[in-house]
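*Asks:* Quick check, what structure comes out for this input:
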Amino acid sequence: MRGVAQALVLVAGLVAWTAYVHRPLDYRIRSPWRQADYTGIARSFAREGLNILYPRIDWRGAGPGYVEGEFPLVPWTGALFLRAFGDRPWLLRLPPLACMIASLFFFYGLARRLLPPAGVLLATAAFAANPLLFHLATAIQPDALMVLLALVAAGACWRWGDQPQSTARLFVAAAAIAGAILAKAPAAYLGFVLAWEVLRHDGLRGALRPRVLLAALVALVPPLAWYAWAYHFWTAYGNSLGLSNGDHFLTAAMLWPPRFLVGLLKWETLGVFSPGGWLLVAAAVAGGVRRIERPLVWYAAVWIFYLAAAKTTSADWAYYYHASSVAPGCLLMGAGLAAITEGRVLPRRWAWIGPALGAATIVTLVGLVGVYIRLRDGRDDLRPMWECSRAFARVVPPDGLLVVAGSADDGFGWTGAYNVSMPFAWMDRRGFNYPENRLGPDALDRIAAAGGRWWMARRAELERDDLRAVVDRKYRLVASCDSQYFLYDLAPQ
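*Replies:* Sure thing, here's the model as predicted:
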């Protein structure tokens, strides 16, 4: 009977994740700038060459568009689909979906190794019902690949820990960590998972053994080589997907009052556990730390990253970063259910509390998925930009260089990546991005001199400091859309 329930959970997860794979790339998306960037990079691979070492973005100005970012395996794979089946952006959702489906089955295998049957069922159900993973399963971004490789890496570390004399297992673990970091830099926290296994078996002396040092090189050298290579795109062209053009790390000034903890705990609650899930984690800890040592170390390692990069990880826009917590969090929730039902936390007559908390957790997570769908499909904030982009695409020639405002580059109290890429992806055009707080006649003149031609201006921009009067004297208004956006030709009149 439990096997049937487990099969139903797996099937339900697959159906839920796959249901939205065919949706269009329009205004009803979360993390829109990220998905638009990856759409542009995939199109560039498909049209300008498949050399994976040279990813290119759309907001490239008049340059080649080479951009600093993670190793671009996801958009490169998507480009193969575009070449084979035409420019259908929904095809770019297939590589992340494949990664997430593989993650579900890999997680199920880990849970079976670590947990008793009741815990396996809850942990897998929580993983399948997780709202963050539901989003990432069809999101055109690298996080699904990182989740998969993090699962592979954790499992490989534990397999080596069970047989530490196996050099092959050690290097498999190191290679998996390298792959996860290449997929997305935050996966560097996995180094602590492997380090714990080394210290657990051999102590500090073991960390200095030649094979362990060589394994550390295997884990670190490929990512360091790639990110050093990618960094030169930033120094040469000023293009980054957020690595070098944003401040991410915790500072002493943030320690008191520690407001960043509110953001971190909010997304851990709404995106990973739910209140009932936190109670299950508490039960897992009360039931014996030794029994949950491995998932607990994994979860603690993720928190090292969350705290180190608190400027980013505590922000609302960075909610999807908390997908790193989902796998260890689900294992801990499953362990908590087992601790309650086995009588290690409460008397056995109270064993029903475990399944009750488990059911409440799954119902809450499913409800959060519903909230996510509602927030995404019902959002209107991007609709004017999308509708006007579609309208202006009929005016801007295919080779015309678009000019679009980004967000502020210092609007958060520290430097932030300002690039807004959605109009470029929606119109399938290239061009210039500028920080909205740097706009002025001189900035427009510089962009026009560099080749920028078609300025998609917002009404709020034109109303600031009476800019419209200056613009109307210098440039030709080509089109307007719903009194929200105005298309100017920046060519000299």
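*Asks:* Could you use CA atoms for every contact and neighbour count after this?
*Replies:* Noted.
*Asks:* Now do the phi/psi pair for the nearest residue to residue 44 once chain neighbours are set aside.
*Replies:* Among residues not flanking residue 44 along the chain, residue 56 sits closest, at 6.1 Å (Cα to Cα, 6 or more residues apart in numbering). Note on residue 56: its backbone torsions stand at phi -130, psi 140 [degrees, to the nearest 10].
*Asks:* Check which residues of stretch 351-371 are buried.
*Replies:* For stretch 351-371, a neighbour-count test (16 or more other Cα atoms under 10 Å) marks 351, 353-355, 357-362, 364-366, 368-369 as buried.
*Asks:* sorry, back to before: can you name the residues that contact the residue nearest to residue 44?
*Replies:* 40-41, 44-45, 64-67 (Cα atoms under 8 Å, 6 or more residues apart in numbering).
*Asks:* And the buried ones among these, selectable in PyMOL?
*Replies:* A single PyMOL command is used to select the members of the contacts of residue 56 judged buried by 16+ other Cα under 10 Å:
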select buried, resi 40+41+44+45+65+66+67
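*Asks:* Let's have the contacts of residue 56 in CSV, adding secondary structure and pLDDT.
*Replies:* Converted to CSV, the contacts of residue 56 look like this (DSSP: H, G, I helix; E, B strand; the rest coil; pLDDT from 0 to 100):
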residue, secondary structure, pLDDT
40, helix, 98
41, helix, 98
44, helix, 98
45, helix, 98
64, coil, 96
65, coil, 96
66, strand, 98
67, coil, 98
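*Asks:* mind putting the contacts of residue 56 in CSV, distance to residue 19 included?
*Replies:* Output for the contacts of residue 56, formatted as CSV (distance: Cα to Cα, whole Å):
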residue, distance to residue 19
40, 24
41, 25
44, 28
45, 27
64, 37
65, 34
66, 34
67, 32
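*Asks:* Of the contacts of residue 56, which is the nearest to residue 142?
*Replies:* Nearest to residue 142 out of the contacts of residue 56 is residue 41 (Cα to Cα; 12.2 Å).
*Asks:* Isn't that closest one up against residue 73?
*Replies:* No. In terms of Cα atoms under 8 Å, residue 41 does not count as a neighbour of residue 73; the distance is 10.7 Å.
*Asks:* Could you state which residue of this protein sits nearest its centroid?
*Replies:* Ranked by distance to the mean C-alpha position of the chain (Cα atoms, centre = their mean), the top residue is residue 143 at 4.2 Å.
*Asks:* any idea how far it lies from residue 490?
*Replies:* Computed as Cα to Cα, to the nearest Å, the residue 143 to residue 490 distance reads 38 Å.
*Asks:* How about residue 195?
*Replies:* For residue 195, the distance to residue 490 (Cα to Cα) stands at 57 Å.
*Asks:* again, but for residue 193
*Replies:* Plainly put, residue 193 is 54 Å away from residue 490 if you go by Cα to Cα.
*Asks:* Can you flag which of the buried residues of stretch 351-371 belong to helices?
*Replies:* Counting by DSSP state H, these place 353-355, 357-362, 364-366, 368-369 in helices.
*Asks:* Return the set of buried residues in stretch 320-333.
*Replies:* 320-333.
*Asks:* got it, and stretch 206-225?
*Replies:* Neighbour counts over stretch 206-225 (16+ other Cα under 10 Å) mark 206-207, 212, 215-220, 222-224 as buried.
*Asks:* Output that stretch as CSV, nothing but the C-alphas.
*Replies:* The C-alpha trace of stretch 206-225 is given here as CSV (Å, rounded to 0.1, in the frame of the first residue of the first chain):
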residue,chain,number,x,y,z
GLY,A,206,42.7,13.4,6.8
ALA,A,207,42.1,16.7,5.2
LEU,A,208,45.8,17.0,4.3
ARG,A,209,46.1,13.6,2.7
PRO,A,210,47.2,13.8,-1.0
ARG,A,211,44.0,12.3,-2.4
VAL,A,212,41.8,14.6,-0.4
LEU,A,213,43.8,17.6,-1.6
LEU,A,214,43.6,16.4,-5.2
ALA,A,215,39.9,15.9,-4.8
ALA,A,216,39.6,19.5,-3.6
LEU,A,217,41.4,20.6,-6.8
VAL,A,218,39.0,18.6,-8.9
ALA,A,219,36.1,20.3,-7.1
LEU,A,220,37.5,23.9,-7.4
VAL,A,221,39.7,24.2,-10.4
PRO,A,222,37.1,23.8,-13.2
PRO,A,223,34.7,26.4,-11.5
LEU,A,224,37.5,28.8,-10.8
ALA,A,225,38.8,28.5,-14.4
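*Asks:* which residues make contact with it from outside it?
*Replies:* With contact meaning Cα under 8 Å, 6+ apart, stretch 206-225 is reached by 167, 170-171, 174-179, 181-182, 195, 198-199.
*Asks:* More neighbours: residue 195 and residue 490, which one.
*Replies:* It is residue 490, of residue 195 and residue 490, that has more neighbours when counted by other Cα atoms under 10 Å, with 22 against 17.
*Asks:* Distance-wise, check that one relative to residue 396.
*Replies:* Distance of residue 490 to residue 396, given as Cα to Cα: 12 Å.
*Asks:* Pull up the overlap in contacts between these two.
*Replies:* Shared contacts of residue 490 and residue 396, defined by Cα under 8 Å, 6+ apart, comprise residue 454.
*Asks:* thinking again about what came up before, nearest to residue 422 among the buried residues of stretch 206-225?
*Replies:* Distances from residue 422 to the buried residues of stretch 206-225, taken by Cα to Cα, are shortest for residue 223, at 28.6 Å.
*Asks:* In what element of secondary structure is that closest one found?
*Replies:* Assessed by DSSP states H and E, residue 223 sits inside helix 210-237.
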